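**Student:** Give me the fold of what follows.
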Amino acid sequence: MSSSPPSTATEASLSVRDVVYDLMRRWEMTTVFGNPGSTELPMFRDFPEDFRYVLGLQEATVVGMADGYAQKARKAALVNLHSAAGVGNAMGNIFTAFKNRTPLVITAGQQARSILPFDPYLASAQATELAKPYVKWSIEPARAEDVPAAIARAYHIAMMQPRGPVLVSVPVDDWDRAAEPVAQRVVSTESRAEPHVLNQIGAALDACSRPAFVVGAALDRDAGWDAVIALAERHNARVWTAPMSGRGCFPENHRLFAGFLPAMRERIVAALAGHDCIFVIGAPAFTYHVEGSGPHVPDGALLVQLTDDPATAAWSPVGIAAVGGIRLSLLDLLARPAPAARVLPAPRPPAPLAERSAPLTAAYVMQTLAALRQPDDIVVEEAPSMRPVIQRYLPITRSAGFFTMDSGGLGYGMPAAVGVALGEPGRRVIGLFGDGSSMYSIQALWSAAQHRLPIAFLILNNRRYAALQEFAPVFGFSERDVVQGTELPELDFVALAAGQGVRGVRVSTPAELDLALAEALACEAPILVEIEVR
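**Tutor:** Next comes the predicted model:
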């Protein structure tokens with residue numbers, strides 16, 4: 001390894017690699033997530049000692065780790081993938097990063113320019129098209145000396161709201177070519193909604209009698225947590241979490257918190273009935289999972305929306321939509337004079353006490369976990385069938401305290417837990433995963449072990465794809481019908497963990513659960529607890 005930074009080289013002798021490393025330092029992107037192939041090796045010759053390479057054992061794991069890291073660290077992460085095959089393996093989590101609005105700068109290897117006309121082995125014939133439409137921008141620079149400027153442009157695009165992944169395809173022989181330094185620039189990454197549209201929203205909130213807020217992941221991504229609490233308290237508005245939100249967006253133990261909206265039109269309308277102004281903040285209005293009918297909001301209600309995504313605003317079916325950064329726009333709304341006082345809405349009923357019994361229920365597991373965890377522990381979740389129970393019994397009370405995928409694609413959660421732990425050293429991460437979800441990126445356990453990260457991997461094992469079985473009646477299945485491909489017998493997660501250097505334990509009774517959770521939440525290294533639930 002080289003301990004000399006690229007800036008020690010004379011300007012005339014700078015290589016593409018030197019200039020790119022200098023850019024990475026400038027942007028505090030000295031952690032590289034990757035799984036190397038032959039066309040990437042020259043990028044990492046003389047790898048600087050102040051950089052860190054985080055190896056994932058499969059490209060989907062690599063991107064998931066980078067996604068969790070970038071979200072927790074609130075900055076772009078650098079990902080290196082191997083040509084077409086590596087990008088293809090990573091596509092599921094690139095799609096998730098796009099839906100999560102996570103800023104990732106992805107460099108993908110490419111064969112040498114001189115042999116590209118001959119369709120060589122490992123070439124990516126349509127490198128810039130492969131990841132589309134789930135990257136904000138992609139390019140293979142026309143010349144080797146253009147690579148640093150292309151990466152600089154990619155970084156700025158990734159960081160502009162709404163944020164997201166970008167891809168730069170780099171031929172293997174470009175890294176040693178001569179290149180000029182890239183000038184230092186200041187590029188704005190935040191924005192405000194138009195004042196006249198915000199004034200309409202503010203006036204609607206002031207004039208209504210029974211406001212409701214629906215908050216989504218973009219709010220927490222943009223550090224709007226404190227501002228939305230202040231605005232909700234000013235208006236005494238009930239606050240719902242938007243359907244399928246990938247982040248915690250409001251303290252779920254707050255007096256005004258109302259719960260989680262489902263991804264079904266009719267049920268959303270029923271939940272919001274009685275409210276005359278519905279303010280959707282940092283979320284679509286609305287995310288649906290199944291076909292529905294009827295109005296999108298209750299009769300007599302006005303829908304107003306604040307989103308950082310113009311595309312989301314364009315398809316919202318009704319109401320007023322303001323486009324701009326969430327945090328700054330909320331601060332603008334808070335700058336308005338306070339409205340007249342309103343009656344405080346009725347509180348959300350508490351969750352019923354889960355019984356201590358065997359076999360274990362997910363409700364009892366979450367209730368026990370909630371009692372044992374520390375307030376600043378971070379939860380990363382990928383257990384779709386158990387999400388309603390998790391939401392009811394494990395309240396999220398702090399900003400950046402909860403992460404899951406906005407995409408619905410599995411294979412994100414386990415590597416994301418690793419990335420979140422790397423992005424927030426010293427904080428414990430609690431991973432909640434279904435048995436089926438865990439198998440998509442189980443290689444993340446190895447990375448957690450290599451970095452000795454304080455992660456409690458909790459596998460909720462019900463031996464099936466329960467989400468599919470529960471969803472089957474929507475598509476006409478009867479109780480007697482067999483849903484093909486949804487049973488998962490004989491998976492041994494303790495053995496899988498041991499094979500990757502992580503200690504594991506299996507529990508099936510309340511007493512075993514108490515001991516295992518207490519140990520997992522105190523351990524300074526990763527540990528896996530397989531929890532058998534009915």
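
**Student:** buried sites along the lowest-mean-pLDDT helix or strand in the chain?
**Tutor:** For the chain, counting by mean pLDDT, DSSP states H and E, helix 466-471 ranks last in confidence among helices and strands (a mean of 77). Neighbour-count burial for helix 466-471 flags 466, 467, 468, 469, 471 (criterion: 16 or more other CB atoms under 10 Å). All C-beta spots, glycine's among them, are computed from the backbone N, C-alpha and C.

**Student:** Figure out how far that helix is from the centre of its chain.
**Tutor:** Relative to the chain's own centre, helix 466-471 is displaced by 23 Å; criterion: CA atoms, centre = their mean, to the nearest Å.

**Student:** Let me know the next secondary structure element after that helix.
**Tutor:** With elements assigned by DSSP states H and E, the helix or strand that comes after helix 466-471 is helix 493-498.

**Student:** residue ranges of the helices in the stretch 201-350 of the chain, please?
**Tutor:** In the stretch 201-350 of the chain, the helices defined using DSSP state H, counting those that start in this stretch lie at 217-221, 225-235, 265-271, 310-315, 326-334.

**Student:** Same list (the ones you listed) but as a markdown table, adding distance to residue 171.
**Tutor:** As requested, these are arranged in a markdown table below (distance: least, CB to CB, whole Å):
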| stretch | distance to residue 171 |
| --- | --- |
| helix 217-221 | 34 |
| helix 225-235 | 43 |
| helix 265-271 | 49 |
| helix 310-315 | 32 |
| helix 326-334 | 39 |
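
**Student:** any chance of those helices in TSV, with mean pLDDT and distance to residue 361 too?
**Tutor:** Shown next, in TSV, are the helices of the stretch 201-350 of the chain (pLDDT from 0 to 100; distance: least, CB to CB, whole Å):
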stretch	mean pLDDT	distance to residue 361
helix 217-221	98	28
helix 225-235	98	31
helix 265-271	98	24
helix 310-315	96	37
helix 326-334	98	37
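
**Student:** Name the stretch among the ones you listed that sits most buried.
**Tutor:** Most buried of those by mean neighbour count (mean count of other CB atoms under 10 Å) is helix 217-221; its value is a mean of 27.

**Student:** what stretches of the protein score poorly on pLDDT?
**Tutor:** For the chain, applying pLDDT under 70 flags the ranges 1-12.

**Student:** Compute the first-to-last residue distance for stretch 406-422.
**Tutor:** Stretch 406-422 has an end-to-end distance of 21 Å (CA to CA, to the nearest Å).

**Student:** actually stretch 133-153, not the one I typed
**Tutor:** With CA to CA, one end of stretch 133-153 sits 18 Å from the other.

**Student:** How about stretch 378-390?
**Tutor:** Taking CA to CA, stretch 378-390 runs 14 Å from one end to the other.

**Student:** hey, where'd the strands end up in the stretch 101-250 of the chain?
**Tutor:** Ranges of strands in the stretch 101-250 of the chain, per DSSP state E, counting those that start in this stretch, are 104-110, 138-139, 166-171, 211-215, 238-241.

**Student:** Tell me which of these lies nearest to residue 513.
**Tutor:** Closest approach to residue 513 among the strands of the stretch 101-250 of the chain (CB to CB): strand 238-241, 27.3 Å.

**Student:** Could you list every helix and strand that that closest one packs against?
**Tutor:** Applying 3 or more CB pairs under 8 Å, 6 or more residues apart in numbering; DSSP states H and E, one finds that strand 238-241 contacts strand 211-215, strand 257-260.

**Student:** Give me the contacts around that strand.
**Tutor:** Contact partners of strand 238-241, identified using CB atoms under 8 Å, 6 or more residues apart in numbering, comprise 211-216, 228, 232, 248-250, 252, 254, 256-261, 271-272, 275, 345, 391.

**Student:** Neighbouring strands of that strand in the sheet, and parallel or not?
**Tutor:** In its sheet, strand 238-241 lies beside strand 211-215 (parallel), strand 257-260 (parallel), with partners assigned from DSSP bridges.

**Student:** if you compare these, which one is most tucked away?
**Tutor:** It is strand 211-215: most buried of the strands paired with strand 238-241 by mean count of other CB under 10 Å, with a mean of 28.

**Student:** where's that one relative to the chain centroid, distance-wise?
**Tutor:** Distance of strand 211-215 from the chain centroid (CA atoms, centre = their mean) equals 22 Å.

**Student:** ok, the residue nearest to residue 197 when sequence neighbours are not counted to residue 48 distance?
**Tutor:** Excluding the flanking residues, the one nearest residue 197 by CB to CB, 6 or more residues apart in numbering is residue 322, at 4.3 Å. Residue 322 sits at a distance of 44 Å from residue 48 (criterion: CB to CB, to the nearest Å).
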